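Just the structure for this:
(one chain, ligands or ions: 1)
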Amino acid sequence: MNYIRLRKNNLYVDNISTLKLVKKYETPFYCYSLSQLKNNYYRFNNAFKEIEPIICFSVKSNANLNLLRELKKMGAGADVVSIGELFKAIKAGINPNKIVFSGIGKTEKEIKAAIKKNILLINIESESEANLINSISKKFSKKTSIGIRLNPNVTGKTHQKISTGGKDEKFGLVYKDFINLCKKINKMKNLHLKGISVHIGSQITSVEPFKKVLIIIDKIINKTKINFEFIDLGGGMGISYLKKEKQINLKKYAKLVNKFLKNKDSKIIFEPGRFIIGNAGILITKIIYIKKSNNRNFVILDAGMNNLMRPALYNAHHEIVSLKKTGKSLRENFKFVGPVCESSDKFSDKKNFSNIREGEYVALLNVGAYGMSLSSNYNTRPTIAEVMVSGSKHKIIKKRQSLENLINN
Ligand code: LLP
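Residues are numbered from 1 along each chain as shown. Okay, here's the model as predicted:
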């Protein structure tokens, strides 16, 4: 079900026309559909209902406090990678016993906070980290629950910059090192090894790489004879950004996991980000100018790479639509660009588009994940507002940064 769609030639989010929203909120702004968010979450939950996994929403994909609160109400836990994300998840009301802490570079301060909060698992990625957590836990007279992140040497077909499961990447421990560390951890009195975790990358649309990962985890379990209480399969489930691109087949993935879990009494953890929030968000932006040059129309928007980094970072495609579809489209070249002083500050090109004019509005689609969370103050531009639509209601869930705040530091 799509809650962000054209209705009577206007772009709607739930029951609200985006044309109404631009009258009320200053552009550019992010806008989320709560119905879409719920739909995605429950679809994920349903696909895996047989095994009742712990769904730890990956906060890095979108750290808006209000959205985290909504996810908490649906039953989500959190996957965090910094003390900021940890405290935000807790502030959103997420129970620490549903929080996993990932990342290769956790600092002493972050580890102390995670131990004090009694989170579900700290997923460690090196022997040095194990030693540090052990010694801090000793000082606190605690036994800390940890998982070890495996580097399975499996890569999904995705952008090279968001692939994490290859043996040459910095993430996790390769097979041999994993086995050795399990033995060493057994001797560390203040650690309780409860989990194995893995995350091979993001925006993976085929289940094949996940299948390979399950085979390797089985191999590890057979070798170590450890009955892991938790098997954390990470995130990475891909969505459809292009018409021809299919989102991951969750039912197929669930079948594999159900089979894998037979004869095991482990609990599965997932860390989805993009699948849950990706298509629930759009970026609404105004056309400041249209400049004709060399048979092209440069459509200059008030949103730029400072608001949405994905095209500049990964050549990512985000569909652009006009908020109001007018009659016939023009068969001309359109280049949608931002105001930032960099030539990489551009969005998608179009070979035909609505007959748009300066002062009108367009929306970039599927930007709920890694949109706002990757944004910056580059060119000393404020971070923008986030608006949430729920049915026929809409409200600001994060204010646009004020100019005063922007220039005073
Ligand atoms: N778990 C771990 C350990 C991760 O590193 C990530 C993402 C996730 C879960 C969530 O992955 P997801 O389900 O969202 O694919 N900025 C990039 C994506 C970077 C992903 C980093 N790790 C982008 O805009 O495509």
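
now the helices: where do they sit in the chain?
Here the chain has its helices, by DSSP state H, at 18-24, 34-47, 65-74, 83-91, 108-116, 127-139, 175-186, 208-224, 250-261, 274-277, 310-314, 403-407.

Quick one: those helices as a markdown table, columns for mean pLDDT and mean neighbour count too.
Placement of C-beta: from N, CA and C, glycine included. Shown next, in a markdown table, are these (pLDDT from 0 to 100; neighbours: other Cβ atoms under 10 Å):
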| stretch | mean pLDDT | mean neighbour count |
| --- | --- | --- |
| helix 18-24 | 98 | 16 |
| helix 34-47 | 98 | 19 |
| helix 65-74 | 98 | 19 |
| helix 83-91 | 98 | 18 |
| helix 108-116 | 98 | 17 |
| helix 127-139 | 98 | 17 |
| helix 175-186 | 96 | 15 |
| helix 208-224 | 97 | 16 |
| helix 250-261 | 98 | 16 |
| helix 274-277 | 98 | 28 |
| helix 310-314 | 97 | 18 |
| helix 403-407 | 97 | 11 |
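
which one of those helices lies closest to the ligand?
Nearest of the helices of the chain to the ligand, taken as Cβ to the nearest ligand atom: helix 274-277 at 3.6 Å.

sorry, back to before: let me have the helices of the chain in CSV, extended by distance to Ala363.
Formatted as CSV, those follow (distance: least, Cβ to Cβ, whole Å):
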stretch, distance to Ala363
helix 18-24, 6
helix 34-47, 14
helix 65-74, 18
helix 83-91, 27
helix 108-116, 37
helix 127-139, 42
helix 175-186, 45
helix 208-224, 32
helix 250-261, 27
helix 274-277, 16
helix 310-314, 15
helix 403-407, 25
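
Specify the beta-bridge partners of the residue nearest to Asp14 when sequence neighbours are not counted.
Leaving aside its sequence neighbours, Asp14 sits nearest to Val389 (Cβ to Cβ, 6 or more residues apart in numbering; 4.7 Å). When bridges are called by DSSP bridges, Val389 pairs up with Ser33, His394.

hang on, Val389 packs against Cys31?
Yes. Between Val389 and Cys31 a contact is recorded at 6.4 Å, counting by Cβ atoms under 8 Å.

shared neighbours, the two?
Shared contacts of Val389 and Cys31 (Cβ atoms under 8 Å, 6 or more residues apart in numbering): 13, 21.

okay, the two: which has more neighbours?
Counted by other Cβ atoms under 10 Å, Val389 and Cys31 do not tie: Cys31 has more neighbours, with 27 against 24.

Kindly state the pLDDT recorded for that one?
Cys31 is assigned 99 on the pLDDT scale.

Please name the nearest non-neighbouring residue to it.
Spatial nearest neighbour of Cys31, excluding adjacent residues (Cβ to Cβ, 6+ apart): Val387 at 4.6 Å.

Which one of the helices of the chain lies nearest to Ser329?
helix 18-24 (18.6 Å; Cβ to Cβ).

Determine how far that closest one lies from the middle of the whole chain.
Relative to its parent chain, helix 18-24 has a centroid offset of 27 Å by Cα atoms, centre = their mean, to the nearest Å.

Could you do stretch 207-218 as well?
22 Å.

Ok, stretch 96-109 next?
On the basis of Cα atoms, centre = their mean, stretch 96-109 sits 17 Å off its chain's mean C-alpha point.

Equivalent analysis for stretch 370-378, please.
With Cα atoms, centre = their mean as the basis, stretch 370-378 stands 13 Å off its chain's centre.

Also stretch 125-142?
29 Å.

Do it and the ligand come into contact?
No. Applying Cβ under 6 Å from any ligand atom, one finds stretch 125-142 separated from the ligand by no less than 9.7 Å.

Show me the contact partners of that stretch.
Contacts of stretch 125-142 (Cβ under 8 Å, 6+ apart): 103-104, 106, 108, 111-112, 115-116, 122, 124, 143-144, 146, 148-149, 171-173, 177, 181, 184-185, 188-191.

Let's see that with 7 Å instead.
Identification of contacts with stretch 125-142 by Cβ atoms under 7 Å, 6 or more residues apart in numbering yields 104, 106, 108, 111-112, 115, 122, 124, 143-144, 146, 149, 171-173, 181, 184-185, 188, 190-191.

Equivalent analysis for stretch 224-231, please.
By Cβ under 7 Å, 6+ apart, the residues outside stretch 224-231 that reach it are 121, 147, 179, 182, 193-196, 217, 221, 266-269.

try stretch 380-398
By Cβ under 7 Å, 6+ apart, stretch 380-398 touches 13-16, 21, 25, 28-35, 64, 66-67, 306-307, 372, 375, 377, 399-401, 403, 406.
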